[in-house]
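> structure for this input, please:
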Amino acid sequence: MFSRHALVLAATVVALTACGSPTAEPAAPAAAPTTSTSAVAATGALSITDPWVKTTQKGMTAAFGTLVNDTDQPITVVSGASPLSSAIELHEVVENDGKMVMRPKEGGFVVPAHGTHLLEPGGDHIMLMDVTKEVLPGAQIPFTLQVQGGQPLEFTAVGKDFAGGEEDYQPGHK
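Below is the predicted model:
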């Protein structure tokens, strides 16, 4: 008879094997956190879990997930790139005169040693301006994040419909 720990371990192995399979279907965005295998291979120090992009027809959108630092030192993400957009900025949402506004994040995203940095709607995020094609649910969007003094982090984010927080990433939105 298997112990509870053995069953949890077996389930974890099955889940990790499915995530690493090149023919596996993309996980649903609401699924339990998974780490992009390409992200782990890129630096061995910085990875991202549950990367996703808000669907859009044109204009602007944003990417989200959780950056994970497995080192003894903080890691700073200083820029991003994707074939989906020629203009990408690292953004934050802050209060200004009683209103929440988006703006470029001075100094980039700092991921603490052995810690995480959440990229979420209404908070820090990767902003994509001048999106070159429609992003549909399930779309696979490649990204590269440049790390200060380190190897870039490459990963693929999944297109996801999201209306929470009523974010509008179109020009002129405050």
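> shaky segments in this structure?
1-44, 164-174 (pLDDT under 70).
> that one: helices as residue ranges?
For the chain, helices defined by DSSP state H occupy the ranges 4-20, 37-43.
> spatially nearest residue to Asn69, not counting backbone neighbours?
Computed as Cβ to Cβ, 6 or more residues apart in numbering, the closest residue to Asn69 that is not its neighbour in sequence is Val111, at 4.1 Å. All C-beta atoms are positioned from the backbone trio N, CA, C, and that covers glycine.
> beta partners of Ala62?
Met127 (DSSP bridges).
> tell me the contacts of it?
Contact partners of Ala62, counting by Cβ atoms under 8 Å, 6 or more residues apart in numbering, are Val53, Lys54, His91, Pro121, His125, Ile126, Met127, Leu128, Glu167, Tyr169.
> try it again at 7 Å.
Lys54, His125, Ile126, Met127, Leu128, Tyr169 (Cβ atoms under 7 Å, 6 or more residues apart in numbering).
> just name the closest of the residues you listed to Leu145, please.
Within the contacts of Ala62, the smallest distance to Leu145 is 7.7 Å, found for Ile126 (Cβ to Cβ).
> what sits closest to that closest one if chain neighbours are left out?
Ala63 (4.0 Å).
> what's the spacing between that neighbour and His114?
Between Ala63 and His114 the distance is 24 Å, computed by Cβ to Cβ, to the nearest Å.
> these two - which one has more neighbours?
Ala63 (26 against 12; other Cβ atoms under 10 Å).
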